[in-house]
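In: Have a look at this fold, sequence not included:
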């Protein structure tokens, strides 16, 4: 570890101070166990339902057999309108756990003059720990960062540092792909290759979205084989040709589309290091979203994943 990195860690510890290390996040850390293999749902799948009736929607998920959820709504230090302690209580009351969540990490979270994270990102990490998360996942990266190679590499180092910060809370930092990582290049090198080759696997894990990547021309099986053991989490998704929109494909019920989803799940299980299989469906072909995710869970159980 170089001098600047040691300095960063010392500053981070001082910056968090009483806010973090004497907080409910540390209490959560003391009681937290690592999750084994699991099947969960990305709550973005029922985003409209959650806007209308968040508690009722979560209750329906629990009743249909989901045990794990992944958030996609952390705004003003609240999850779906609830502070971290209250949201965790509501999940606990329903028998739900939240091992991971999505919050985009960007320029607002890094103070370039001080070379450390802003309070906004420190609070984000703390609240994730309070909710019992194992992974804090950034589900994209700002276009202004990914269009410049030096800027991208700088942020890959910041990703590593975020991994160090998350480790203080017993968590790990992660990145979730979309399509552009498999279609955009910098100096002739694929963006996804640049990102994985310049992040430390011990600090930054990957959540492979097998649906998103095919829109960028990526092949899930090839990526799993190219970077074995890097994908502790997977967004389990199937795709059909899109009826509208800018993307070629849109998601559908598992087993109904062009992806051999079961083969990708098995490959993640055997080669990718995958232990979190997170169902996500964003398009529904006229069906109700809540009915689709129920069917998705039944299919995963039929395949032997519960």
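Out: Great, that's in hand. Bear in mind the structure is a predicted one, so any value in this text is a computation, not a measurement.
In: Skipping its backbone neighbours, what lies nearest the residue sitting nearest the centre point of the chain in space?
Out: Of all residues in the chain, the one closest to the mean position by C-alpha atoms, centre = their mean is residue 137, 3.7 Å from it. The shortest distance from residue 137 to any residue other than its chain neighbours is 4.1 Å, reached at residue 174 (C-beta to C-beta, 6 or more residues apart in numbering). In short, each C-beta sits where N, CA and C put it, glycine included.
In: Report the strands that pair with the helix or strand hosting the one you found, each with its relative direction.
Out: Applying DSSP states H and E as the criterion places residue 174 in strand 172-176. With DSSP bridges as the test, strand 172-176 is paired with strand 135-138 (parallel), strand 204-209 (parallel).
In: Can you give me the separation between residue 285 and residue 72?
Out: Residue 285 is 21 Å from residue 72, where distance means C-beta to C-beta, to the nearest Å.
In: What of residue 222?
Out: Going from residue 222 to residue 72 by C-beta to C-beta gives 27 Å.
In: And for residue 39?
Out: Residue 39 sits 17 Å away from residue 72, going by C-beta to C-beta.
In: Repeat that for residue 205.
Out: Taking C-beta to C-beta, one finds residue 205 at 18 Å from residue 72.
In: show me where the stretch 101-250 of the chain has strands.
Out: 110-111, 116-117, 135-138, 172-176, 185-186, 189-190, 204-209, 233-236, 238-241, 249-252 (DSSP state E, counting those that start in this stretch).
In: With residue 279 as the reference, name the closest of those.
Out: Nearest of the strands of the stretch 101-250 of the chain to residue 279, taken as C-beta to C-beta: strand 233-236 at 5.2 Å.
In: quick one: strands adjacent to the closest one?
Out: Take DSSP bridges as the rule and strand 233-236 pairs in its sheet with strand 204-209 (parallel), strand 276-279 (parallel).
In: Adding mean pLDDT, write those out as TSV.
Out: Putting those into TSV (pLDDT from 0 to 100) gives the following:
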stretch	mean pLDDT
strand 204-209	98
strand 276-279	98
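In: thinking again about what came up before, so for residue 205 and residue 72, which residue has more residues nearby?
Out: residue 205 (23 against 19; other C-beta atoms under 10 Å).
In: residues in contact with the more buried one?
Out: Counting by C-beta atoms under 8 Å, 6 or more residues apart in numbering, residue 205 makes contact with 135, 172, 173, 174, 175, 230, 231, 232, 233.
In: buried ones in stretch 49-63?
Out: 49, 50, 54, 57, 58, 60, 61 (16 or more other C-beta atoms under 10 Å).
In: Give me the contacts around that stretch.
Out: Counting by C-beta under 8 Å, 6+ apart, 41, 43, 46, 69, 73, 80-82, 90-91, 94-96, 289-290, 293 sit against stretch 49-63.
In: Mind checking which of the residues you listed are in helices?
Out: 90, 91, 289, 290, 293 (DSSP state H).
In: does the closest residue to the second one other than its chain neighbours sit in a helix or strand, and which one?
Out: Among residues not flanking residue 91 along the chain, residue 98 sits closest, at 5.9 Å (C-beta to C-beta, 6+ apart). Assigning secondary structure by DSSP H and E places residue 98 in strand 97-102.
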